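Asks: Test case, fold it:
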Amino acid sequence: MNLIEQFQQYTNIYTDNTDLQQAYIKSAQEIVENYLGYKLKRIKYTQIIKGNGTNELQLKAKPVTDIISVEIDGKEADNFYTINEFLYSKNCIFPQGKEIVIKYVAGYIVDFPEFENDDNEICYCNTGNIDGGNAGGNAGGYAGENIIEEPDEDITEKKSNLPNAILMTIFRIAALLQSESDSNIGVTSKSFGDSGSRAYINYTNFDKYLIQISKYRLVRI
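Replies: Below you'll find the predicted structure:
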C-alpha cells in the first residue's frame, strides 16, 4: 500500500484524482520538517563546518545512515561514528577553526510525493552550530546552496523507516488541510443535540500535533 492509499484509508476519502491529496501530504510534510529542523527524505548532504577543538560536531540532519567521507583541512580522515545528529571522532579532535567537510546520508525511507525542483542532495556551509532555522533551507548560520543530484541507492546497507509517530502527524495535518480546503475558511462546525448549539474548530494551529514528535527534533546547542 503506497502513501496515498494509506492516507485515503486514514481519512476514508477515496478519489481517482489524487493530485490534491498529494499536495496536502506534501504541505504537511513541509510543516513537520520545519518543526523538526531537517528533511525527512533520505538524501545526501555535504556540510562544511569550522572545527571547534573537540571530538564532536553537530550535523544538519538525522538519522544519519552513512558517513561517506570526512576531510579535515583538505585531508581525508577516518574512524568516525554518529549518535543521532552528532559526529564523533574516535582518535582525534576537530582542530579549532579548520575547515571540516563532511559528506553523509541521512533521512528516512518513505515514498513522499515528488514535486519539481525537489532536492536530492543538499550542501550546507556554516561556521557554527545550529541555532533555529528552517528544514531544507539555510538554517542556523548555514549559508549554502542546494545541489540537485540523485543519491546513489547503493551507497548504504543501513536504512531507517519513517517512525509511525511522524507519519501519523503528517496524516493528521494533511487531513486538517483537506478539511480546510473543503470548508474554504479553515473552520469546521458540529451540532450538538436538539439545542442546535455549534462548536467551531479552527484548524490552522498545528502545535498540539507537532508536540507529539518533539523527541525527533534536532538538538539546539
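Asks: use CA for all of it now, contacts and neighbours both
Replies: Fine.
Asks: biggest helix in the chain, by residue count?
Replies: Among the elements of the chain assigned as helix by DSSP state H, the one spanning the most residues is helix 164-183.
Asks: helices or strands next to that one in the packing?
Replies: helix 3-11, helix 19-36, strand 187-192, helix 207-210 (3 or more Cα pairs under 8 Å, 6 or more residues apart in numbering; DSSP states H and E).
Asks: Burial-wise, tell me which of the ones you listed comes out on top.
Replies: Among the helices and strands packed on helix 164-183, judged by mean count of other Cα atoms under 10 Å, the one packed with the most neighbours on average is helix 19-36 (a mean of 20).
Asks: That one - what's its average pLDDT?
Replies: Per-region confidence: helix 19-36 scores 94 on mean pLDDT.
Asks: Tell me the strands beside the helix or strand following that helix, with direction?
Replies: From helix 19-36 onward toward the C-terminus, using DSSP states H and E, the following helix or strand is strand 43-50. The partner list of strand 43-50 in its sheet, established with DSSP bridges, is strand 99-106 (antiparallel), strand 121-125 (parallel).
Asks: tell me the angle the longest helix of the chain makes with helix 3-11.
Replies: Orientation of helix 164-183 against helix 3-11 (axes from the mean of the first three to the mean of the last three Cα atoms, to 10 degrees) gives an angle of 70 degrees.
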